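**Q** I'll drop the sequence and a predicted model, then ask my questions.
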Amino acid sequence: MRPFLTASFALTATLGLPLQAQETLSPLDVTTNAYQDPTGPVDGYVAKNSRSATKTSTPITETPQSISVVTADQMDDQGVTSVQEALRYTVGVGAEQYGLDSRGDWQSVRGGDPVIFLDGLKKTFGFYQSPRTEPFLLERIEVVRGPSSVLYGQGNVGGIINLVSKRPQEEQKTQLELQLGNNARKQAAIDTTGALTDDGSLLYRFIAVGRDSDTQVNKVEDNRVVLAPSITWRPNDRTEWTLMALHQKDRTGTTAQFLPIEGTLKPSPYGLPQIPIDLFISEPDFDRYNTEETAVTSLLSHNLNATWTLRQNLRYSESEVDYQSIYPQFTPELQPNGDIARVAYANKPNLDSLTADHQAEALFTTGNVDHTFLAGWDYQHAVSDGRSAYKKNVGDLNVFDPVYGNYTPLTASDFSDKPENTVIQSGFYAQNQMTINDRWIAVLGLRYDNAKNKTEGGRTFTDEQTSGRVGLMYQFASGLTPFISYSESFQPITGLDNNGDPWEPLKGEQVEVGAKYQPSGSDSLYTATIYDLREKNRRAPDPNNPNNQIQNGETSARGVELEAKVEVTASWDLIANYAYTDTEVKEGTNEGARLAAIPEQTASIWTQHDLTAAGLPGLRVGTGLRYQGESWGGADEIRTPSQTLWDAMVAYGINRWELAVNVNNITDETYFSSCLARGDCFIGSKRTVIGTLSYEF
């Protein structure tokens, strides 16, 4: 779908522009080269401005860091149903690290596990505590590669992912959408926005999604209800306040079946056939992964004068998860009769989180240097508790002729309370973006963090960290902008290990050299980078216990990334990328081995063409190829082979209607996204077919 929410608006003080500019500039369209709202709609695939890497409205070509933006247009054209699907065509991202897993959006960035933010505030805390975000709610997804701790504190050395919500718009628009697909998928959605007052001082938006669906795994559903109202108040040209609410309820199960390597990636032992990939190895009356989340977000901006703009962003969120499943006993092995031993596991965490970010931005000039200075204080307070249970030998299951019901369920005596865990982090940061003689761009940043991790009835661990960042760019008249940067990361980890001890914070550093190229007057953007990063205290799967993770001493990743987002013509979009990622455990468990589930090479290409100019008005077609190279299980003993997948889209629109059909993995390849040294494999997504009928008015 092409975007329906494009609008013209005046440059206001809330966007951080000097007041003098407001008096002389006429309204600009968001699709022009002059300015693009870093949180607003994008026409096409190429975003020009981003706030994620600098927390200021900065052109991507003037940011000395590698950034990729997935726009709503791209998500619509590719028919994505989750955040990890939306990242399939993004360079340096392992979009489906653990295959089709209903319990979360798992992806890697430069070999690391990225922290997910929503509207600049931390979204995910720990494992299985934060429900998956519905992509229909999003205006864009921004991937900032490399450390971002100077601005965010809690960030992985590989990068962060910032999800940007759809916000109220001035122009009255409504979109109704109905989807039908294989696996009995049925989804209905509405997105409506506009002005509540004649002067446009009060804007609204309301988004709702309802889904009833099965999955490619037998007896596992994927049902969802989302309500997301929001309102924006603009009492004058200096102040803007947006309030967004969210209530989401998911009812699903476990699609990750942890099937053994022998019988999936490798031939079955004892002359047995291969295990069916749609096998449900749990129990229908026991298995569930149900989540419920309620959140309120406040985004406030006020322009004091021609120099200073103040912002305050807040979110309070409550989530409950009811997760229980039965899966193979580790290391999973088939018995000669086709049976497999199973264990039962339950985890029922609760999470309350408060996140806040206060910013002061100043625009000023000294001599021949233009400054964008940012100072801020952010804060997070996350409290988690819950109950869990684990039981071995609950009953075998024959994987070729499963008969359910013959198992030993968990009882109240199997459960134990988890001690309340509280993570409090407070950080002060400062950043100065300088443009010198209209050619040189320098970015300097410094941050101080204080993080506390305390357990009810136990110890309190306090960590203090100073993080730095420096970047330098040069703008050639041709549109070429080479850059070099150094940055550091610091990431406290919510929760406890299996011994009841808090995790050590992750610490990392990176050197990156690259170049960005945007030809003058073009909407195309080309990026090439090389990087070298190190991280300490990284978590990895425990080969002796699937319910635990361990922290290695030190890991490294080095790589090359090439990305092109090209507007070939006004009716032809093209995305192409390639990434080489070389990882290694420098110190700790499995020293010398490559990191688990990180493909060494990935590549993709996607193209979309509007055929109106060819005499076929209203018809659009798109197709793409995704290549994921081989990966290893974490001990360099288990190799998951590479695969290439083919996707396609065709859409036809007439008047206000459009019908689109998306087919992913057209040839219905059976593949494994990763297999781990502990003995299990994660199955990738089989062929999906989704038809979307939409009406806009």
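**A** Good, I have the coordinates.

**Q** Grab the most central residue of this structure for me.
**A** Nearest to the mean C-alpha position of the chain, by Cα atoms, centre = their mean, lies Ile161 at 4.7 Å.

**Q** Enumerate every residue touching that residue.
**A** Ile161 makes contact with 83, 87, 107, 109, 114-117, 141-144, according to Cβ atoms under 8 Å, 6 or more residues apart in numbering. Backbone N, C-alpha and C define where each C-beta goes, glycine included.

**Q** Now with 7 Å, please.
**A** 114, 116-117, 141, 143 (Cβ atoms under 7 Å, 6 or more residues apart in numbering).

**Q** Could you do Asn350 as well?
**A** Asn350 touches 320, 384-386, counting by Cβ under 7 Å, 6+ apart.

**Q** Now do the same for the residue nearest to the centre of the chain: helix, strand or coil?
**A** The three-state label given to Ile161 by DSSP: H, G, I helix; E, B strand; the rest coil is strand.

**Q** what residue ranges in the stretch 551-697 of the chain score low on pLDDT?
**A** 552 (pLDDT under 70).

**Q** again, only using 90
**A** Counting by pLDDT under 90, the stretch 551-697 of the chain shows low-confidence ranges at 551-553, 570, 587-590, 613.

**Q** how about the helices in this structure?
**A** 19-24, 72-78, 83-86, 149-152 (DSSP state H).

**Q** Nearest to Leu243, out of those?
**A** helix 72-78 (21.5 Å; Cβ to Cβ).

**Q** Can you spell out which helices and strands pack onto that closest one?
**A** Counting contacts by 3 or more Cβ pairs under 7 Å, 6 or more residues apart in numbering; DSSP states H and E, helix 72-78 packs against strand 138-145, strand 643-654.

**Q** Just name the most buried of the ones you listed.
**A** strand 138-145 (a mean of 25; mean count of other Cβ atoms under 10 Å).

**Q** Any chance of TSV for the helices and strands packed on helix 72-78, columns distance to Ile261?
**A** As requested, the helices and strands packed on helix 72-78 are exported to TSV (distance: least, Cβ to Cβ, whole Å):
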stretch	distance to Ile261
strand 138-145	31
strand 643-654	16
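
**Q** Go ahead and confirm Met244 touches Leu314.
**A** No: at 10.8 Å, Met244 does not count as touching Leu314 under the criterion of Cβ atoms under 7 Å.

**Q** Need the overlap of contacts for the two.
**A** With Cβ under 7 Å, 6+ apart as the test, Met244 and Leu314 both reach Thr297.

**Q** Comparing those two, which shows the higher neighbour count?
**A** Met244 (24 against 17; other Cβ atoms under 10 Å).

**Q** The more buried one: what's it in contact with?
**A** 165, 228, 230, 297.

**Q** For Leu506, see how far away it is.
**A** Distance of Met244 to Leu506, computed by Cβ to Cβ, to the nearest Å: 30 Å.

**Q** And the nearest residue to Tyr526 once chain neighbours are set aside, how far from Ile484?
**A** With sequence-adjacent residues excluded and distances taken as Cβ to Cβ, 6 or more residues apart in numbering, Tyr526 is closest to Tyr517, at 4.4 Å. Tyr517 is 16 Å from Ile484, where distance means Cβ to Cβ.

**Q** more neighbours, those two?
**A** Ranked by neighbour count (other Cβ under 10 Å), Tyr517 and Ile484 place Tyr517 first, with 18 against 15.

**Q** picking that back up, for the contacts of Ile161, give me JSON lines that also has distance to Thr581.
**A** What follows is the contacts of Ile161, written out as JSON lines (distance: Cβ to Cβ, whole Å):
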{"residue": "Pro114", "distance to Thr581": "14"}
{"residue": "Ile116", "distance to Thr581": "20"}
{"residue": "Phe117", "distance to Thr581": "23"}
{"residue": "Ile141", "distance to Thr581": "20"}
{"residue": "Val143", "distance to Thr581": "14"}
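
**Q** wait, Glu509 sits on Ser485?
**A** No: contact criterion Cβ under 7 Å: Glu509 and Ser485 do not qualify, at 11.2 Å.

**Q** of the two, who's got more company?
**A** The neighbour comparison of Glu509 against Ser485 (other Cβ under 10 Å) goes to Ser485, with 23 against 19.

**Q** What count of nearby residues applies to the closest residue to that one other than its chain neighbours?
**A** Residue nearest to Ser485 in three dimensions, not counting chain neighbours: Gly471, with 3.7 Å by Cβ to Cβ, 6+ apart. Gly471 has 21 neighbours, counted by other Cβ under 10 Å.

**Q** just the strands in the stretch 101-250 of the chain please.
**A** Taking DSSP state E, counting those that start in this stretch as the test, the strands found in the stretch 101-250 of the chain are 108-109, 115-118, 121-122, 138-145, 159-165, 173-181, 185-195, 202-212, 222-236, 239-252.

**Q** Give me the distance between Glu283 and Gln216.
**A** From Glu283 to Gln216 the distance is 19 Å (Cβ to Cβ).

**Q** where exactly do the strands run in the stretch 501-650 of the chain?
**A** So, for the stretch 501-650 of the chain - with DSSP E, counting those that start in this stretch - the strands run 506-517, 525-536, 539-542, 545-551, 554-569, 572-587, 601-610, 619-628, 631-632, 639-640, 643-654.
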